[in-house]
Structure formats: C-alpha cells, structure tokens
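Asker: show me how the following folds:
(2 chains)
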Protein chains: 2
Amino acid sequence: MSPDSAARHLPYGVFSVGGGDPRVGVAVGDRVLDLSVALMDPLFARPSLNPFLAAGPAIWERTAQQVGAVLADESTAASSMHPVADVALHMPIEVADYVDFYSGLEHATNAGRILRPGQEPLKKNWRELPVAYHGRSGTVVLSGTDVVRPRGQVPTTGRPELAPTGRLDVEVEMAFVVGVPSRLGEPVPVEDFAKHVFGMLILLDWSARDIQAFEYEPLGPFLGKSFATTISPWVVPYAALVAAAADGPPQEPAPLPYLDHPQPRGYDIELELVINGQVVSRPRFVTQYWSAAQQMAHLTVNGATLRTGDLCASGTVSSFDVASQGSLLELSLNGTQPLTLADGTQRGYLEDGDEVRVSASAPAAGGGRVEFGDAVGRILPARTLKIMAKRQV
Amino acid sequence: MSPDSAARHLPYGVFSVGGGDPRVGVAVGDRVLDLSVALMDPLFARPSLNPFLAAGPAIWERTAQQVGAVLADESTAASSMHPVADVALHMPIEVADYVDFYSGLEHATNAGRILRPGQEPLKKNWRELPVAYHGRSGTVVLSGTDVVRPRGQVPTTGRPELAPTGRLDVEVEMAFVVGVPSRLGEPVPVEDFAKHVFGMLILLDWSARDIQAFEYEPLGPFLGKSFATTISPWVVPYAALVAAAADGPPQEPAPLPYLDHPQPRGYDIELELVINGQVVSRPRFVTQYWSAAQQMAHLTVNGATLRTGDLCASGTVSSFDVASQGSLLELSLNGTQPLTLADGTQRGYLEDGDEVRVSASAPAAGGGRVEFGDAVGRILPARTLKIMAKRQV
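Answerer: You can find the predicted model right below:
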C-alpha cells in the first residue's frame, strides 16, 4: 500500500492540545497529525472542517497526497503528531442543515408494524422516494456529550402530562457531510455526488418515543428528537471507502429516473451498538435501501441548495434479524420484550446512567479496515429546574 | 412622542450602498440610518444582525436610545442617512435553525377539513401544544428573491411522476428572531421570552401542496416546503410593539403550567396578502392561538437550545372568514373555488409570473403605526435542466 493510498483512509477531525486553538487533524492510529503544522496551510488552522470541506474534491485529493508524503517520513511526521490521549476533540463540522432520512427498508417496516399495528407498515411513498425530515442543527453534539433525559408531553389515559420521557431510545445511523454548496434552483444529480459530498460519520439519533408519539401528527417529529443528536468526532472521506463499495438491496419498483443509481450503491460498513459495554446488536449499513447519492439527488430536486456542513443521516440501520437491529424500539419490541444485559438488568428503553457506544468499520483498500471513531453518549437523569418546580406547583 | 420612544419603533436591517460592505441600519421612513457610521460601533459594521442580536436586551435598549439621540439632531443624522432607493438590502440575519409552527386555530381547522375531509380536523395534540416542524434554514431567502416553481414527486392515478408542482401556494406568517442563546438541557420559561427574543418579521412559507401531500407521512413536510421561504428585510423589535399587545383567543383547555401565558399574549398586527397588485386577504395576527412565548417555551422544554438567528414562524395567519385567510389552500378551497383577480384571470394556485406581496403593520406607542417591510416573491417557471432532460429520456 503506497503512503498516499493509506492517507486516503485517514479520518479528519478538529482537536486542540494544551488549551490551544482548535485546528484540523487526521487520525493516524492512536495519534493525531496536526495538519495546520504538517502542511503549513491556514485552511487547517480553523476550528471546523467547513473551510476545507468547501474547498472541494481537488483540494481533498491534494491534501490526501500531502498527508501521504508527510507520513512517509516518520521523523518529519513525528514533530506534528500528538497522542490522541493528549488532545481534546471538538465538533468536526459546523452543522448547516441537519436532515434525517428514513432509508432502511427493514427498519421502516419494523417501526411501522410496531407503531401502527394492523396497518400496511410502509406508507405508499416509501419505495418511491427517500422519506426524510429536517432535524435541529443546534443540538447536534459531539460524541461524549452527556444526554440529559428530556421532558415533554407524554400521553396518558386523560390529558398528556409534562414528564421525563419513559421511552428514551437511540437509533444507530451513518450520516454524510456536504462540502461543496450547490446553487438555488439547480438540482444536483446522483452522478455529481462526489463533487459535493466529502465523507461520512456515525450518528446517534436519540429519540423519546412517548413524546414523539403524541406530537408527530401531522407535521412529523419535533421535541421527540430535538434534544440531542450525537456525531462521532472523525469524518471519514468517501475516498477511503472505495473498497467498501457493495451492492445495496434491489429497488422495486425501479425508482424514477432522477433517482436512478446503478449498483454498487451501498457500502459494506459494519456497526456495533454497545450498551454498558455489552454488544447488543451489529447493524449492517449495506442493507440500506436508498443510497446517499439518491438522498442528495432527492433533497435537491426541488431546487433546494446544499450548503457546506449539511449533515444528512441515513435513517436507522436495521434488519428483520434481531441480531442486527439498530434501535431499542425494535430490539425490545417497544419495551415489551426487554433485553437482558450482562449484569442481569433488563432494558426496554434506556435508563439513567446507561452508556451507549456505536462503532463502525469498513474494508480498506489494500487490506485492513477503515475505523470510524466511536460515537458515545451517556444518559443523565432529567433535571429538576427551579423554574419547572415553581410553575408546576 | 420623545425621540427615543420613536426610535424603539424602528426596524433593523442590513444594507449596502454603492457596492460597499453590508452593514446594519435602521429604517427611518424612506431612509436608512447607517448605524456603523452614526453610532461608530463595530457591532454594526457587520453583514448580519446576529452579533447585535446576541448582545442582548441591555444593548438593544441602549442602541434604541442612541438612535433616538442621533435622530433628534437632523443635521447629524442626515450625514449617516441614505434614501432606501439608493441602497441594496441583504438578508438581515444569518438563520440558525428554522422552525415553522402551526399555531393558527382557524388555519389548522380549515386545512384539516380540506385535506382530511370526514376526519376530526384537529389532531388531539393541537390544543395541548404548539405543533411544529423544522424547516430548511439554507433556503430562507430575502424578500425580492424569485421563487422558481419546484419539481417533485406529485401523485397521479398510478405511480407518482416527477413534475413541476401544479399547486404552488403561499402561507402568510409572522416569525420571531432569537437573539440570546440558551444552554443545552435548560428549558427557557415563558416569562424569559424578552431576555432571548429580539423581534419579528414577515415570512412567506411557499408550499407545493401536491408534493407535500405525497411525501408527508409519517415524518412531515420536506420538499414541499424546502425550496424557498421568504423573509422581509427588516426585523421589528418587540420593544416597538408594546402598543400592539392584545388579548389572543381563549385557550381551552388551559395549557399545562409550562405553557401558561397570561393575557395579553397576542399582537394586533394587520397583514395584507397582495397578488399581482390586488389585495386578496387581510389576515389578523391577533387570531393566533399559541403565543410566541409559548412556542419558545415549548421548543426548549426538552432541553433544546436557542441559538442566535433561530427563526420561528407562527404558522399561517388565517380565519374562518374568507376575507382574512392566509393561504390559497383556504382561499380557493384547494383550487376548487378559484379567486378572480382584477384582470379577470382566475387563481386556484399561483401561476408563473405571479407576484406575491405581504405587508404588515401594528399600532405604535404614541400614535401612528409600526410598518413591517414587505415580503415579496415572484414565481418563475420551472427550469428545464440539461441533466433532467438527459436522465428523463
């Protein structure tokens, strides 16, 4: 494997060391290469990847080559390296719009069966277009940020009550990050995906099922999702995923021409959902029905723009097979069949103190695997706030 | 009326003159006062209001007083003034998250009856909480930006087809703009509204009804709304609207305590919807059921943050009375009873070339009226794109 092909596998992130300014680095095993020093380019002396992402594919490629050259000379590289353990990681991107797709056929089917029993699980639009909604950009947080159990209106037999959610779930997702913006009114076709989109990361779509169930008609999820969405700290370039390309599931009926995307349109990314140290599921990203390029083409077909920092999540990566399901909604059948963890405790939904960790990896060109940085969140109890106490008397 | 109370009525915007850098100004009749010059403060030598908005209520108040003092001396003021006709207006804010509420009781009832005939028009959540969804921040555009008719998947008797929308609508709304951010996990109560929220503007929620109808289940509107949302160029501070405070409609049942908002919770803002120069409706904002402060309290009760530049639209301002309805969906009963315009042409929905203009005003303290700047958009035909032609063969 030549140095520059190895460098294409490296994930990009933002870090600081010793209280210094945040800057861009790449992860090299258990070390971080400071690109602002190694490449002496002000593009990397920035607190987010956005300027680099906006620079486009030629710069992404040139940077990978430059990183390869730096790493080829260990003595040069060493002077720009820090052990990961010594750095603080920051949000890798400044999120523009956050969109959450719903592109797993098996997840959408499972969720439909559980939440709308007796009805056709998939709405009639599902196989025609990648269904999605806009989420809250302002509460996308870095891996490691604690997740405070949210309050909201939860259904009861009478009127709803304001209470901490009793059905706190997490959905395992991947997300793509947009680099190069598009122009208002100009759809971006499937084949231009690589001109605009830089890479992928892991995303945890925290969901309060009871809040969501009461609020979502007719305009979709709002407070049931908006309290937090966790992303992994490293963005893996699509250029690192060439060897992971794989055929996705067949699409029946064939999509309308603007969504046509020949195989391979999937990626062989293997995920692990870990709760309190125990692997509870191994979702496989290759099962996703709609590809990222199809999602992008759909998102822009009405003329909507892409912006640098747009974050588009895949939807829950799941399966009919319980060993690969990507949410507790599915794994516990909405809490009715709790999981038993190693310590003997049971989980219908997440409890205070639980730690959720999702990791992902994919085959690398030249052998080995591309490792995505983990996305982690720990559940804190709902807060009792002075104002809440005052108003709820 | 003292100079400084007059100055509290002035709307804030961003302008440039002669190709210079955008900066912050206030509208004084048909002139713009350049605050970066008049107040010699770098806070106003910026291309958006966001830094000023983030500065908080004490600075907002001090600025109003300073503007009052400048305007009291006409010779001083004149040197910092430009005729509005000589300046270019820019987006007043950098939009963080865009949320569209659905807080008009009469609109939600009308829409439910038209779109889901035979069912209860209001979902059971409607009177319990201000229903809302996140929209696309990246396509919020300045008044005057043309609106290209969007393409999308529209229903047919068989499979949907990709076509320009045949049901292009506009919803008349007001929106509030957040200044001071809040902290993750800390709900902002109703009574803290004025500590965070700066002012209001007019918002046009363009809607492709056929695209929306096919896509919206179960996750809400997406491409049916995301192609464009128009805002007026001037933000009117809430401090200018003291004399417009008015009782909103009664809330039955009484909301949960975290949404309690004593009267007056409404604003007596009168709007006009004008199509091709003809007034077709006069919506009254005072009819809105949920107040802006209730919307803000609900938005944050799950711990979601407010950020500077968050834009929260009211939902369509409408009425059971056809003279005050704020959308063509309602005015034409989903196209079945077209309006007749002055030139004799009929409108079920908007046609290419149509110009939509919405104006708004409210009673000012000391007499007269606070005028919001108009929000205007003209419909351009759907574009035939090379790539679309190629793929659709």
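Asker: kindly export the helix or strand harbouring A:Q212 (C-alpha atoms) in CSV.
Answerer: Assigned by DSSP states H and E, A:Q212 falls within helix A:209-215. Only the C-alpha atoms of helix A:209-215 are listed here, as CSV (Å, rounded to 0.1, in the frame of the first residue of the first chain):
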residue,chain,number,x,y,z
ARG,A,209,-40.8,7.6,21.8
ASP,A,210,-43.6,8.7,24.0
ILE,A,211,-43.1,12.4,23.3
GLN,A,212,-42.7,11.7,19.6
ALA,A,213,-45.9,9.5,19.5
PHE,A,214,-48.0,12.3,20.9
GLU,A,215,-46.6,15.2,18.9
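Asker: contacts only, for whichever residue of the stretch 151-300 of chain A sits closest to chain B.
Answerer: With CB to the nearest CB, the shortest gap between the stretch 151-300 of chain A and chain B falls at A:G220, namely 2.4 Å. All C-beta atoms are positioned from the backbone trio N, CA, C, and that covers glycine. Contact analysis of A:G220 by CB atoms under 8 Å, 6 or more residues apart in numbering or on different chains lists A:Y133, B:Y133, B:Y216, B:P218, B:L219, B:G220, B:P221.
Asker: name the element the fourth one belongs to?
Answerer: Under the criterion of DSSP H and E, B:P218 resides outside all helices and strands.
Asker: please report phi then psi for it.
Answerer: Taking degrees, to the nearest 10, you get phi -100, psi 10 for the backbone angles of B:P218.
Asker: cool, and the second one?
Answerer: B:Y133 has phi and psi values of phi -140, psi 160 when expressed as degrees, to the nearest 10.
Asker: bridged to it, which residues?
Answerer: When bridges are called by DSSP bridges, B:Y133 pairs up with B:D100.
Asker: my guess is it contacts A:P218. True?
Answerer: No. Look at B:Y133 against A:P218 with CB atoms under 8 Å: they stay out of range, at 9.3 Å.
Asker: ok, of the contacts of A:G220, which one's closest to B:I114?
Answerer: B:Y216 (14.4 Å; CB to CB).
Asker: what distance do you get for the closest one to B:A228?
Answerer: 18 Å (CB to CB, to the nearest Å).
Asker: which one is the residue of the stretch 151-300 of chain A closest to chain B nearest to, not counting chain neighbours?
Answerer: Once flanking residues are discounted, A:G220 sits nearest to B:G220: 2.4 Å by CB to CB, 6 or more residues apart in numbering or on different chains.
Asker: at which residues are the strands of the stretch 151-300 of chain A located?
Answerer: Counting by DSSP state E, counting those that start in this stretch, the segments of the stretch 151-300 of chain A that form strands are A:151-154, A:161-164, A:168-178, A:197-208, A:229-231, A:236-237, A:245-246, A:266-267, A:270-275, A:278-281.
Asker: ok, which of those strands comes nearest B:E351?
Answerer: strand A:168-178 (33.4 Å).
Asker: that closest one vs chain B: in contact?
Answerer: No. Strand A:168-178 lies out of reach of chain B by CB under 8 Å from any CB of the partner chain, never closer than 9.9 Å.
Asker: how near is the residue most central in space within chain A to B:T229?
Answerer: Centre of chain A computed as the mean C-alpha position; nearest residue by CA atoms, centre = their mean is A:L203, 2.3 Å away. Distance, A:L203 to B:T229, using CB to CB: 25 Å.
Asker: cool, A:A239 as well?
Answerer: A:A239 is 35 Å from B:T229, by CB to CB.
Asker: ok, now A:Y216?
Answerer: According to CB to CB, A:Y216 and B:T229 sit 22 Å apart.
Asker: looking at the two, which one has more neighbours?
Answerer: Regarding A:Y216 and B:T229, a neighbour count based on other CB atoms under 10 Å in any protein chain shown identifies B:T229 as having more, with 29 against 23.
Asker: my read: that one touches B:S143, true?
Answerer: No. Look at B:T229 against B:S143 with CB under 8 Å: they stay out of range, at 11.1 Å.
Asker: residue contacts, the residue in the stretch 251-393 of chain A positioned nearest to chain B?
Answerer: At 3.7 Å from chain B, A:N302 is the closest residue in the stretch 251-393 of chain A, using CB to the nearest CB. Listed by CB under 8 Å, 6+ apart, the contact partners of A:N302 are A:P187, B:P150, B:R151, B:G152, B:A208, B:I211, B:L223, B:S226, B:F227.
Asker: what's the neighbour count on the residue lying closest to it once chain neighbours are set aside?
Answerer: Nearest non-adjacent residue to A:N302, counting by CB to CB, 6+ apart: B:P150, 3.7 Å away. Residues lying near B:P150 (other CB under 10 Å) number 25.
Asker: I'd guessed B:P150 sits against B:L380; true?
Answerer: No. B:P150 lies out of contact with B:L380 (CB under 8 Å); the separation is 10.7 Å.
Asker: quick one: the lengthiest helix in chain A to strand A:197-208, angle?
Answerer: Using DSSP state H, we find that the single longest helix of chain A is helix A:57-72. Orientation check (axes from the mean of the first three to the mean of the last three CA atoms, to 10 degrees): helix A:57-72 against strand A:197-208 gives 90 degrees.
Asker: in helix A:57-72, what counts as buried?
Answerer: A:P57, A:I59, A:W60, A:T63, A:A64, A:Q66, A:V67, A:G68, A:A69, A:V70, A:L71 (16 or more other CB atoms under 10 Å in any protein chain shown).
Asker: list just the nearest of the contacts of A:N302 to A:F15.
Answerer: Among those, B:S226 lies closest to A:F15 (CB to CB), at 33.8 Å.
Asker: that closest one: what's it in contact with?
Answerer: A:H134, A:L299, A:N302, A:A304, B:G135, B:R136, B:T139.
Asker: save the residues you listed as TSV, and put in distance to B:S48 too.
Answerer: Below are those laid out as TSV (distance: CB to CB, whole Å):
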residue	distance to B:S48
A:H134	21
A:L299	25
A:N302	26
A:A304	21
B:G135	19
B:R136	18
B:T139	17
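Asker: where strands are concerned, which of these count?
Answerer: The strands, defined by DSSP state E, take in A:H134, B:G135 from these.
Asker: put the buried members of the contacts of B:S226 into a ChimeraX selection.
Answerer: Only the buried entries of the contacts of B:S226 go into this ChimeraX selection, using 16+ other CB under 10 Å:
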select /A:134,299,302,304 /B:135,136,139
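Asker: could you dump the contacts of B:S226 to TSV with pLDDT and distance to B:T336?
Answerer: Shown next, in TSV, are the contacts of B:S226 (pLDDT from 0 to 100; distance: CB to CB, whole Å):
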residue	pLDDT	distance to B:T336
A:H134	98	31
A:L299	98	32
A:N302	98	25
A:A304	98	29
B:G135	98	27
B:R136	98	30
B:T139	98	29
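Asker: centre of the chain to stretch A:252-265, how far?
Answerer: When distances are taken as CA atoms, centre = their mean, to the nearest Å, stretch A:252-265 is centred 23 Å away from the chain's centroid.
Asker: no no, stretch A:37-49
Answerer: With CA atoms, centre = their mean, you get 24 Å for stretch A:37-49.
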